[in-house]
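Okay, here's the prediction I keep looking at, along with the sequence it came from:
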Amino acid sequence: MQSRTHPIVLLTSNNSRELTEALKRRCLYRGWTTPSSSTSWRSCACTLPDLHETVARRLVEVIGMVRALDLKKPPSIAESIDWARALLLLGVQEIDADTFNETMSVIVKHRADMDVVAERVGLKLGSPADVA
């Protein structure tokens, strides 16, 4: 049996590797910028409707702080959704410094990046004891 249409294949890239010239010749290219906060929030809300809105909005805010750092690999939308899923499964009601430090490996993939993110973002979140 033969297909009536040719498949459409989408390749994504974060520009961490160079694509071959042959591949570039055979593809249409569309550059994307880092998604806005509202786009990220909608992606989480659509994918995980059970995630509390407060947690989803805070997640997007924290992801924005992490993406603003000079990291080897900033978190993508996929990692944002993975983190949201993890927070949902853990029953997290609030993203504080402790929760962030315990779960940041979902969005930060390199050891050197983890140290930078823990120091710069984790401190901004504060711990519950800091608030009291």
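Cool, got the structure.

which element is the residue nearest in space to the middle of the chain on?
With distances taken as Cα atoms, centre = their mean, the residue of the chain nearest its centroid is residue 80 (2.9 Å). Per DSSP states H and E: residue 80 is located in helix 77-90.

repeat for residue 23
helix 21-25.

any idea of the mean pLDDT in that helix?
Across helix 21-25, the average pLDDT comes to 82.

The strand or helix carrying residue 58 packs against which elements?
Assessed by DSSP H and E, residue 58 sits inside helix 53-67. Using 3 or more Cβ pairs under 8 Å, 6 or more residues apart in numbering; DSSP states H and E, the elements in contact with helix 53-67 are helix 37-47, helix 77-90. Bear in mind the C-beta positions are built from the backbone N, C-alpha and C, glycine included.

so what secondary structure elements neighbour the helix or strand just after the longest one?
The one in question is helix 77-90. For helix 77-90, the following helix or strand on the C-terminal side (DSSP H and E) is helix 97-103. For helix 97-103, the elements it packs on are helix 77-90, helix 123-125, judged by 3+ Cβ pairs under 8 Å, 6+ apart.
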